[in-house]
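Student: this one's sequence-less:
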């Protein structure tokens, strides 16, 4: 069965040399609908919706305020006419492409023309880079000479194909890191944006990549703990959400109601939700166990909304385990949704009383960001980037066990004032730190800092 | 009871320029995995790391009314489970310092005293590491410039909370005196001495930055109406 897979887009688009825009316009469609716990999905979610119209900076004014929009324009003014190139390895699917799809037009609108290039490569290249990716996350891997040669060969091919006439070049993730060899031919500032967790990398792969990374002017990581000891400045850019995306924009109540009706969710009773792939690291079985413990004391429904079970053998096994743990409880609603169901996910999150993300391991946890943005009291595992988002008892609650999760479900359902107050603070935290507009600001600040450093260097050398 | 007449505001000779500051977060080279390591790094980290984890973090969490004051206090509680130390660190008011070095000295002193009386706590591993960061700062203008009290109130109500933080909290590091840009202008240019003093006494740790904005606006409005 073919499907869109958010987790391994690099391989599927590896040999596609079309522009990012052309690739983005094409989407594969599932041949069969995914199913939940015996409940067929409504026809409305079986085909992907039309792509949304492009957004403009002024569209965000109602969310971040005129003063913040002004600040972005002031920041960009000094960079007017400076050009940027973003390079990554895929145009569709995955968080990086999704982020670039939003970021590139906004920077260009601010008169910092930004061009986005995607590297090309054969399946052998993307097999190697996929293995590098897993190894950098800490998986065992034996780095061979052949793998190094494949990596270098495709980077050389792309170096010959791409032009680097811009003032700033941003290379995303390890796949195109070898492009730094073109640096000497350019006047640009080169930045390496690493989106992956380097806190415990495979030593051989990291030592292979390190000489490339050290040639950049700066590196960017998504968490303090991902940074390495490097001779270049390292900056912290949190991942972000777009408050105007289908997943995050405010929905009319009628839409929320329709989606709940379609999925059999009763809005007159408390709703506890976890949105995530059916993946052991997201601990959906633990969520069901926590719900069952809490249900002895408080009435509620549990919604587990995710995907990945239809096209991932491991996901299917986890889904089966979840169903077995759930048993015949009619208040547990399990939904294996296609990846384009952003609006439905948004509606379910919006209808929820509490949102849970009981991960055992996590990158940043954008589903937590989405929950906080909707002002929902959120319970989450204290792992990965989640503690950056959830300040315990202030912007949400952190848990370390099934029992802890169950207790917090009970507590939040019986203390609505406290639940409301952490929901309000959680939304403010996202507004301040984890929106796309904040990231636009970070990019502009970084470009200004690098340009200033470059002009100081130029002054010294002249 | 005799009524006291309010002083009429003077026409200021200098305009008030509402600026704002934006920060780029840089990951530092130091980290602490125990309180002893925190103690050592506090003494040697760059000044801008101390600034980041005290003044700047207050801005990042401007929407929280209670329970968050600086990153050192937060880490002592959440990662080291030392509530007494956390309370002492949290009680440090950044506005009592006109230079970062003084603030650093106070933080070091608190951790030193705590570890002297709790020596076993020094080497106990923290639940998660403390990563020292720093901020690259860029000051930006806003569209608001005024030479009247009504214009001041107008600007105050429209600028971002980052601008309020810039003028009200960070200002003392620029001014090197126990004051802020708002109080200084209102006192020196407009002659509203009492209002300037009342603004300086606003408690930033029991208010959100929006709450601070509202209090400043109320104090100035009452002073002139």
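Tutor: Here it is on my side, so go on. No experiment lies behind these values; they were computed from the predicted model shown.

Student: the residue nearest to residue A:200 when sequence neighbours are not counted: which element?
Tutor: Spatial nearest neighbour of residue A:200, chain neighbours left out: residue A:138 (4.2 Å); criterion: Cβ to Cβ, 6 or more residues apart in numbering or on different chains. Backbone N, C-alpha and C define where each C-beta goes, glycine included. Here residue A:138, judged by DSSP states H and E, is contained in no helix and no strand.

Student: what distance do you get for residue A:138 to residue A:421?
Tutor: Distance of residue A:138 to residue A:421, given as Cβ to Cβ, to the nearest Å: 38 Å.

Student: and residue 190, what does it touch?
Tutor: Since no chain was named, I'll use chain A. Residue A:190 sits next to A:168, A:169, A:170, A:171, A:180, A:183, A:215, A:216, A:217 when contact means Cβ atoms under 8 Å, 6 or more residues apart in numbering or on different chains.

Student: hm, I was asking about chain B
Tutor: If you count contacts by Cβ under 8 Å, 6+ apart, then residue B:190 has B:9, B:10, B:12, B:149 around it.

Student: what does residue A:412 give?
Tutor: Taking Cβ under 8 Å, 6+ apart, one finds A:353, A:354, A:377, A:379, A:397, A:418, A:419 in contact with residue A:412.

Student: residue B:31 - that's part of a helix, no?
Tutor: No. Assignment of residue B:31 by DSSP: H, G, I helix; E, B strand; the rest coil gives strand, placing it outside any helix.

Student: just the helices in chain B please.
Tutor: With DSSP state H, the ranges of helices along chain B come out as B:35-44, B:47-51, B:57-60, B:71-78, B:83-90, B:100-117, B:149-158, B:161-168, B:171-175, B:181-188, B:193-200, B:209-224.

Student: farthest-separated two in the contacts of residue A:190?
Tutor: A:168 and A:215 (15.2 Å; Cβ to Cβ).

Student: once you drop chain neighbours, what's closest to residue B:87?
Tutor: residue B:73 (7.7 Å).

Student: just the pLDDT for that neighbour.
Tutor: On pLDDT, residue B:73 comes in at 94.

Student: so where's chain B uncertain?
Tutor: Scanning chain B for pLDDT under 70 picks out B:1-7, B:65-68.

Student: what do you get if the cut-off is 90, keeping everything else the same?
Tutor: B:1-11, B:55-69, B:78, B:95, B:128, B:137, B:170, B:172-178, B:204-208, B:225 (pLDDT under 90).

Student: can you give the domain ranges for it?
Tutor: B:21-134, B:142-224 (automatic domain parsing).

Student: closest to residue A:326 out of the ones you listed?
Tutor: For the domains of chain B, the distance to residue A:326 is smallest for domain B:21-134, at 32.2 Å, taking Cβ to Cβ.

Student: the closest one spans what distance, first to last residue?
Tutor: Terminal residues of domain B:21-134 lie 15 Å apart, using Cα to Cα, to the nearest Å.

Student: how far does it sit from the chain's center?
Tutor: Taking Cα atoms, centre = their mean, to the nearest Å, the mean C-alpha location of domain B:21-134 is offset from the chain mean by 14 Å.

Student: same check on stretch A:269-285?
Tutor: The answer for stretch A:269-285 is 17 Å, by Cα atoms, centre = their mean.

Student: pull out the buried positions in that stretch.
Tutor: A:270-285 (16 or more other Cβ atoms under 10 Å in any protein chain shown).

Student: residue A:417: helix or strand, and which one exactly?
Tutor: Here residue A:417 is assigned to helix A:416-433, by DSSP H and E.

Student: is chain B contacted by that helix?
Tutor: Yes. Judged by Cβ under 8 Å from any Cβ of the partner chain, helix A:416-433 and chain B are in contact via A:425, A:428, A:429, A:432, A:433.

Student: buried among these? Need that as a selection in ChimeraX.
Tutor: To isolate the buried ones among the residues of helix A:416-433 next to chain B in ChimeraX, judged by 16+ other Cβ under 10 Å, type:
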select /A:425,428,429,432,433
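
Student: farthest pair within the residues of helix A:416-433 next to chain B?
Tutor: It's A:425 and A:433 that sit farthest apart of the residues of helix A:416-433 next to chain B, by Cβ to Cβ, at 12.1 Å.

Student: circling back to that earlier point, in helices, which of the contacts of residue A:412 appear?
Tutor: A:418, A:419.

Student: quick one: the helices in the stretch 351-462 of chain A, in order.
Tutor: A:366-373, A:386-389, A:402-414, A:416-433, A:436-461 (DSSP state H, counting those that start in this stretch).

Student: got the residues of chain B near chain A?
Tutor: Applying Cβ under 8 Å from any Cβ, we find that chain B lies next to chain A at B:20, B:22-27, B:29, B:31, B:60-64, B:67-68, B:74, B:78, B:128-129, B:131, B:133, B:136, B:138, B:140-143, B:158-160, B:162-163.

Student: could you rerun that using 6 Å?
Tutor: B:22, B:24-27, B:63-64, B:67, B:131, B:136, B:138, B:140, B:159-160 (Cβ under 6 Å from any Cβ of the partner chain).

Student: any idea how far the nearest residue to residue B:179 once chain neighbours are set aside is from chain A?
Tutor: Of all residues not flanking residue B:179 in the chain, residue B:200 sits nearest, at 6.1 Å (Cβ to Cβ, 6+ apart). As for residue B:200, its distance to chain A is 24 Å (criterion: Cβ to the nearest Cβ, to the nearest Å).

Student: residue B:200: neighbouring residues, count only.
Tutor: 17 (other Cβ atoms under 10 Å in any protein chain shown).

Student: what about the stretch 151-300 of chain A, any weak spots by pLDDT?
Tutor: Using pLDDT under 90, the flagged stretches of the stretch 151-300 of chain A are A:196-197, A:199-200, A:225, A:277, A:279, A:281.

Student: where do the strands sit along it?
Tutor: For the stretch 151-300 of chain A, the strands defined by DSSP state E, counting those that start in this stretch cover A:168-172, A:189-193, A:218-221, A:234-236, A:271-275.

Student: of all those, which lies closest to residue B:38?
Tutor: Going by Cβ to Cβ, the one of the strands of the stretch 151-300 of chain A nearest residue B:38 is strand A:234-236, 19.4 Å.

Student: make sure residue A:87 is indeed in a helix.
Tutor: No. Assessed with three-state DSSP, residue A:87 is strand; it does not lie in a helix.

Student: who's it bridged to?
Tutor: residue A:117, residue A:171 (DSSP bridges).

Student: relative to residue A:186, how far out is it?
Tutor: Distance from residue A:87 to residue A:186, by Cβ to Cβ: 13 Å.

Student: between these two, which one's more packed in?
Tutor: residue A:87 (23 against 15).

Student: since that was my last question, I'll sign off now.
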